[in-house]
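> Got a predicted structure here, sequence first:
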Amino acid sequence: MFWNKEKPMTEELTARSLHCQNEAEQLYRSGSHHCAEAVLESVRKHYAAELPASIVGAVSGFGGGSGVGCLCGAVAGGAVALGMVVGDKKKTSALTKDLHVWFKEKYGVTCCKTIKQTHRGACPTLTGEVAGKVGEMLSHL
């Protein structure tokens, strides 16, 4: 594991992670971004602001479970966001695995179709939660 869950979160880091969460949820609710885009944009803005906003287009195909209902777009966007900020293949892979495990423990599956059936209307909330979790993970590096 490349992030230290035991590392205490300062008030500033907690606020940053919560802001990421709230912002991603609002972007999704506004209709301007789908799940993957909202996660990537909020993480980019708070953890890699030097990157252009146009990078968010890189995850446009992940919304709605990549258009076919497979992997949750928020999780896919979170994985891309981790790679974007961390920049190390081995660390990114480990963090992505941790993100998947956390999400599956929380929602039971990572399949978009199933989530939409079992957790109706949860997409805005889970989009925010994924962004917040990614922010938390990045704050513990």
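That came in fine, so what should we check first? Residues are numbered from 1 along each chain as shown.
> From residue 16, how far out is residue 9?
Residue 9 is 9 Å from residue 16, where distance means CB to CB, to the nearest Å. Using the backbone N, CA and C atoms, a C-beta is placed for each residue, glycine as well.
> Then residue 130?
From residue 130 across to residue 16, the span is 15 Å (CB to CB).
> Check which helix or strand the residue nearest the centre of the chain maps to.
The centre of the chain sits closest to residue 78, judged by CA atoms, centre = their mean, with a distance of 3.1 Å. Assigning secondary structure by DSSP states H and E places residue 78 in helix 73-86.
> list the contacts for the residue nearest to the centre of the chain?
Residues in contact with residue 78 (CB atoms under 8 Å, 6 or more residues apart in numbering) are 39, 43, 96, 99, 130-131, 133-134.
> Could you work out the most separated pair of the residues you listed?
Across those, the two members that end up farthest from each other (CB to CB) are 96 and 131, 14.7 Å apart.
> What is the burial count for the closest residue to residue 125 other than its chain neighbours?
Excluding the flanking residues, the one nearest residue 125 by CB to CB, 6 or more residues apart in numbering is residue 25, at 6.5 Å. By the other CB atoms under 10 Å criterion, the neighbourhood of residue 25 contains 23 residues.
> circling back: quick check: neighbours shared by residue 9 and residue 16?
Here residue 9 and residue 16 have residue 139 as joint contacts, going by CB under 8 Å, 6+ apart.
> quick revisit: give the residue from residue 130 and residue 16 that has the larger number of neighbours.
Shown here are residue 130 and residue 16; by other CB under 10 Å, residue 130 has more neighbours (33 against 19).
> Remind me what the host helix or strand of the more buried one packs against, helices and strands.
When elements are assigned from DSSP H and E, residue 130 belongs to helix 123-139. Applying 3 or more CB pairs under 8 Å, 6 or more residues apart in numbering; DSSP states H and E, one finds that helix 123-139 contacts helix 11-30, helix 35-47, helix 73-86, helix 89-107, helix 112-118.
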